[in-house]
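In: no sequence on this one, just coordinates:
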């Protein structure tokens with residue numbers, strides 16, 4: 001990816017980014033899965049063409065889930081959730097009917113806290 005002009009993050013070697021002026025593309029790689037997001041359709045399309053020349057690829061369209069994380073895109077907002085993964089895990093361990101327990105930590109998201117202000 002670096003040879004294609006992308007920056008590799010030292011803290012996360014599976015994440016690459018490309019930025020030119022107001023355009024950006026971010027790539028997440030994990031084994032044989034790739035997630036490409038960005039606001040430059042031209043760069044994304046160009047990258048897909050380049051990668052498909054080197055690797056066998058299938059474009060699955062807009063993702064609904066990636067690595068157990070549910071993805072929802074609505075009104076220029078991206079929401080990420082692990083709810084379905086947690087529900088699956090609870091079912092696997094026969095705990096889907098367990099009762100919630102309060103935690104001493106702050107479990108609200110930054111967005112929720114900002115709305116309360």
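Out: Yep, it's here. None of these values were measured; they are calculated from a predicted model. Numbers count the residues shown, from 1 in each chain.
In: can we go C-alpha only for contacts and neighbour counts from here?
Out: Noted.
In: give me the number of residues near residue 6?
Out: By other Cα atoms under 10 Å, 16 other residues sit near residue 6.
In: then residue 16?
Out: Counted with other Cα under 10 Å, residue 16 comes out at 20.
In: does it sit in a helix, a strand or a coil?
Out: What DSSP: H, G, I helix; E, B strand; the rest coil gives for residue 16 is strand.
In: confidence score at it?
Out: Per-residue pLDDT puts residue 16 at 91.
In: how is this protein carved up into domains?
Out: Residue ranges for the domains of the chain, per automatic domain parsing: 1-59, 62-100.
In: any chance of those domains in JSON lines, plus distance to residue 116?
Out: Shown next, in JSON lines, are the domains of the chain (distance: least, Cα to Cα, whole Å):
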{"stretch": "domain 1-59", "distance to residue 116": "30"}
{"stretch": "domain 62-100", "distance to residue 116": "19"}
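In: how about these, which one is nearest residue 114?
Out: Nearest to residue 114, of all these, is domain 62-100, at 15.9 Å by Cα to Cα.
In: if you count neighbours, what's buried in that closest one?
Out: Neighbour-count burial for domain 62-100, with 16 or more other Cα atoms under 10 Å as criterion, is recorded at 70-71.
In: need the distance between the two termini of it.
Out: Domain 62-100 has an end-to-end distance of 33 Å (Cα to Cα, to the nearest Å).
In: which one of the domains of the chain lies closest to residue 112?
Out: Residue 112 sits nearest to domain 62-100 of all these, at 12.9 Å, using Cα to Cα.
In: pLDDT averaged over that closest one - what is it?
Out: 88.
In: ok, stretch 30-50 next?
Out: 89.
In: what distance separates the start and the end of it?
Out: End to end - Cα to Cα - stretch 30-50 spans 19 Å.
In: what's it in contact with?
Out: By Cα atoms under 8 Å, 6 or more residues apart in numbering, the residues outside stretch 30-50 that reach it are 14, 23-29, 66.
In: show only the entries of those residues found in strands.
Out: Within those, residues falling in strands by DSSP state E are 23-29, 66.
In: just the buried residues from those, in PyMOL please.
Out: A single PyMOL command selects the buried members of these (16+ other Cα under 10 Å):
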select buried, resi 24+25+26+27+28
